[in-house]
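here you go, sequence then predicted model.
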Amino acid sequence: MAELSLPILDLSQLDQGPEAAARFCESLRTATHDVGFFYLTGTGISPELESRLHRAARDFFALPEEDKLAIENVNSPHFRGYTRIGGERTRGEVDWREQIDIGPEREPLDDGPAFNRLIGPNLWPAAQPELEQVVAEWHEALSEVSRTLLRAWALALGADETYFDEHFGEPSTLIKIVRYPGTHEPEPQQGVGAHKDSGVLTLLWVEPGKGGLQVERDGVWVDAPPVSGAFVVNIGELLEYATGGYLKATNHRVVSPQAPDDRISIPFFFNPALDKRLPLIELPAELAAEANGVTNDPDNPIHALYGENALKSRLRAHPDVAAIHHADLVGARV
């Protein structure tokens, strides 16, 4: 296996003429059919914006504990706000990280399907008012990158370029600003456990020089070290569903750094509106022949409706929030 376990794609190829754009689409399809993960360069995201977001993340985690706990997610029925170290779970096991979850800023809904409970306002730290502005800029920039990628995917899969635009609705986004504290244990410890993302697309910014992300390839965990100027991109379960399994969501995890080191990681999740169901893409015959169906995991069913997938993930990851605000749903969903 090459030193880098994931392929590197350059988004700027889309602006370099038809032949370069076609090569990018071919590489995109191959990477997400074979691996489900890749590095993405050429996004146009400015180093200045990256630096400001990194500084804001460090400043947030350096706040006094009472300032962070003032926006703890147990106070939000919408699963927003700060999660203390050990407050999140993956497949029932405790993840050793702290984070703040930020979604679309909306008024809460009092009726409709259960997944509407995910809609609502964010919790922002009063001690750090500048955080909201830099996150808004990051959201706008990465949303544009995500839309560009989805148009390229549509073409690569034999669909109209606007396929995802037409079926997405108002995107359900989520930004997690995460800090993985170091561990003194000699053996690798779970920063976040093995999982697949529940939506369509994830763009991950990792603090320069900080490793820990691992991707499962052929039953073996391989390191995905950070690449300068690149995002790590992976697909989620809904893109696997929409392609009948031609594209595969891939298990990944994060191993805690060794103390005294720590690590900042900022994933951006770009997904359809909660009430949207992505229809199956009618793949060209040569691609359809390699679509082996959606992964059948009784412990992790993939729902066609994004809201069902999102709610499944949130209830599992934050059982304390679920018990406080959604006791009627606990045990009712997988």
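Received the coordinates, thanks.

any weak-confidence spans in this structure?
Low-confidence segments of the chain (pLDDT under 70): 1-4, 300-301, 331-334.

could you pull out the helices for it?
18-34, 47-61, 65-69, 130-156, 163-168, 237-242, 285-288, 306-317, 319-325 (DSSP state H).

deepest-packed of these, please.
Of all the helices of the chain, helix 237-242 carries the top mean neighbour count, a mean of 25, counting by mean count of other CB atoms under 10 Å. All C-beta spots, glycine's among them, are computed from the backbone N, C-alpha and C.

so what does that one touch, helix or strand wise?
helix 306-317 (3 or more CB pairs under 8 Å, 6 or more residues apart in numbering; DSSP states H and E).

which residues are contacting the helix it packs on?
79, 88-91, 113-118, 172, 198-200, 237-238, 271-278, 301-303, 321-322, 326, 329-330, 333-334 (CB atoms under 8 Å, 6 or more residues apart in numbering).

can I get the helices of the chain in CSV with distance to Pro260?
Converted to CSV, those look like this (distance: least, CB to CB, whole Å):
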stretch, distance to Pro260
helix 18-34, 36
helix 47-61, 15
helix 65-69, 19
helix 130-156, 25
helix 163-168, 43
helix 237-242, 36
helix 285-288, 49
helix 306-317, 28
helix 319-325, 29
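
relative to Gln190, which of these is closest?
helix 306-317 (13.4 Å; CB to CB).

from the chain's centroid, how far away is stretch 317-333?
22 Å (CA atoms, centre = their mean, to the nearest Å).

just the C-alphas of that stretch, formatted as PDB.
Taking C-alpha atoms only, stretch 317-333 is exported to PDB below (Å, rounded to 0.1, in the frame of the first residue of the first chain):
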ATOM      1  CA  ALA A 317     -24.700   9.300  20.300                       C
ATOM      2  CA  HIS A 318     -26.300  11.400  23.100                       C
ATOM      3  CA  PRO A 319     -28.300   9.100  25.400                       C
ATOM      4  CA  ASP A 320     -28.300  11.800  28.100                       C
ATOM      5  CA  VAL A 321     -30.000  14.300  25.800                       C
ATOM      6  CA  ALA A 322     -32.400  11.700  24.600                       C
ATOM      7  CA  ALA A 323     -33.400  10.700  28.100                       C
ATOM      8  CA  ILE A 324     -34.000  14.300  29.200                       C
ATOM      9  CA  HIS A 325     -35.800  15.600  26.200                       C
ATOM     10  CA  HIS A 326     -37.000  12.600  24.200                       C
ATOM     11  CA  ALA A 327     -37.900   9.900  26.700                       C
ATOM     12  CA  ASP A 328     -40.800   8.800  24.400                       C
ATOM     13  CA  LEU A 329     -38.300   7.900  21.700                       C
ATOM     14  CA  VAL A 330     -35.700   6.000  23.800                       C
ATOM     15  CA  GLY A 331     -35.800   2.400  22.800                       C
ATOM     16  CA  ALA A 332     -38.400   3.000  20.000                       C
ATOM     17  CA  ARG A 333     -35.700   3.500  17.300                       C
END
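
how about the contacts made by the closest residue to Lys68 other than its chain neighbours?
Sequence neighbours aside, Tyr82 is the residue nearest to Lys68 in space, at 4.9 Å (criterion: CB to CB, 6 or more residues apart in numbering). By CB under 8 Å, 6+ apart, the contact list for Tyr82 reads Lys68, Leu69, Ile71, Glu72, Asn73, Glu98, Gln99, Ile100, Leu123, Pro125.

10 Å instead?
Tyr82 is in contact with 60-61, 63, 67-76, 98-101, 123, 125, 177, counting by CB atoms under 10 Å, 6 or more residues apart in numbering.

which among those count as buried?
60-61, 63, 68, 70-74, 76, 98-101, 123, 125, 177 (16 or more other CB atoms under 10 Å).

ok, now how distant is Thr173 from Ala152?
Going from Thr173 to Ala152 by CB to CB, to the nearest Å gives 19 Å.

if I pick the closest residue in space to Leu174 that isn't next to it in sequence, what's in contact with it?
Leaving aside its sequence neighbours, Leu174 sits nearest to Phe269 (CB to CB, 6+ apart; 4.3 Å). Neighbouring residues of Phe269 by CB under 10 Å, 6+ apart: 103, 142, 146, 171-176, 197-204, 236, 310, 313.
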